[in-house]
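Enquirer: got a structure for you, letters missing:
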Ligand code: C5P
């Protein structure tokens with residue numbers, strides 16, 4: 001499977017999203033819509049992307065009782081979404097219900113699980129009553145998600161290699177991508193497109209390096225070219 005580039009549409013309104021889409025090259029096939037834009041505009045936010053025949057990664061990080069999550073997956077799929085996130089911490093019954101709901105859809109979306117939010121620290125784990133390390137937690141929640149029928153995981157490119165060995169068939173979605181000379185912004189652990197691909201990422205999520213580039217088309221071309229440079 002050829003790794004895909006997903007551009008994160010981290011803007012507050014449909015007008016700003018349209019403006020961004022008009023500046024970006026047609027070579028971008030995938031876009032990510034997150035909670036901010038979805039809460040602001042509702043499912044209608046997907047229409048400009050569908051009109052342009054784009055693939056949609058709806059990143060709502062679902063976490064609720066199994067029935068609610070299953071119904072949310074079905075409804076989102078009916079809006080024409082190809083990839084969605086759930087929280088692995090929702091547990092086996094929730095993950096299995098989400099996976100089953102996706103499989104039953106006319107156009108089944110793929111589901112990827114968030115194991116541990118990158119904003120959490122080991123001190124947060126103490127507050128949450130979790131005794132194990134961040135990496136042990138991520139690995140065991142990854143195992144839970146994949147064994148529950150979830151298609152893949154959201155991960156830093158730095159953990160992708162280990163996850164690829166453990167889960168050979170899983171989708172691995174990696175944010176935190178920067179070109180070698182790029183500004184890292186608030187990301188702590190960044191990786192180049194080539195490194196992410198080399199570690200086994202199937203989908204690379206990129207926001208600011210494209211959205212804030214003076215020339216988004218050449219920034220996109222540079223990222224595609226780096227992805228192809230992976231050994
Ligand atoms: O602008 P940047 O390339 O850093 O954007 C990365 C995107 O990936 C943002 O939408 C961000 O919310 C998302 N993300 C992340 N780190 C995670 C999970 C998601 O940066 N662990």
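Expert: Received it, and whenever you're ready, just let me know what you need. Everything numeric in this text was worked out from a predicted model, so none of it was measured.
Enquirer: what sits up against the helix or strand bottoming out on mean pLDDT in the chain?
Expert: Least confident helix or strand of the chain, by mean pLDDT, DSSP states H and E, is helix 122-128 with a mean of 91. Contact with helix 122-128 is made by 120, 131, 132, 133, 134, 137, as judged by C-beta atoms under 8 Å, 6 or more residues apart in numbering. Where C-beta positions appear, they are placed from N, C-alpha and C, glycine not excepted.
Enquirer: at 7 Å what do you get?
Expert: residue 134 (C-beta atoms under 7 Å, 6 or more residues apart in numbering).
Enquirer: Contact residues of this structure facing the ligand?
Expert: Those residues of the chain that sit near the ligand, judged by C-beta under 6 Å from any ligand atom, are 8, 10, 34, 118, 154, 175-176, 185, 187, 205-209.
Enquirer: The same query, at a cut-off of 5 Å, please.
Expert: Selection of the chain residues close to the ligand by C-beta under 5 Å from any ligand atom yields 8, 10, 118, 175, 187, 205, 206, 207, 208.
Enquirer: okay, now the residue nearest to the last one when sequence neighbours are not counted: neighbour count?
Expert: Put plainly, it is residue 208. Spatial nearest neighbour of residue 208, excluding adjacent residues (C-beta to C-beta, 6 or more residues apart in numbering): residue 185 at 5.6 Å. When counting by other C-beta atoms under 10 Å, one arrives at 12 neighbours for residue 185.
Enquirer: mind listing what's buried in stretch 125-143?
Expert: 125, 130, 134, 137, 138, 139, 141, 142, 143 (16 or more other C-beta atoms under 10 Å).
Enquirer: typo on my end, it should be stretch 114-124
Expert: In stretch 114-124, counting by 16+ other C-beta under 10 Å, buried: 114, 115, 116, 118.
Enquirer: Can you pick out the most distant pair from these?
Expert: Distance extremes for the buried residues of stretch 114-124: the farthest pair is 115 and 118 at 10.0 Å, using C-beta to C-beta.
Enquirer: would JSON lines of the buried residues of stretch 114-124 with pLDDT and secondary structure be doable?
Expert: Below are those laid out as JSON lines (pLDDT from 0 to 100; DSSP: H, G, I helix; E, B strand; the rest coil):
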{"residue": "114", "pLDDT": "97", "secondary structure": "strand"}
{"residue": "115", "pLDDT": "93", "secondary structure": "coil"}
{"residue": "116", "pLDDT": "88", "secondary structure": "coil"}
{"residue": "118", "pLDDT": "82", "secondary structure": "coil"}
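Enquirer: In a markdown table: those residues, plus distance to residue 68.
Expert: Listed next are these as a markdown table, based on distance: C-beta to C-beta, whole Å:
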| residue | distance to residue 68 |
| --- | --- |
| 114 | 17 |
| 115 | 21 |
| 116 | 22 |
| 118 | 25 |
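Enquirer: Nice, that's everything, thank you.
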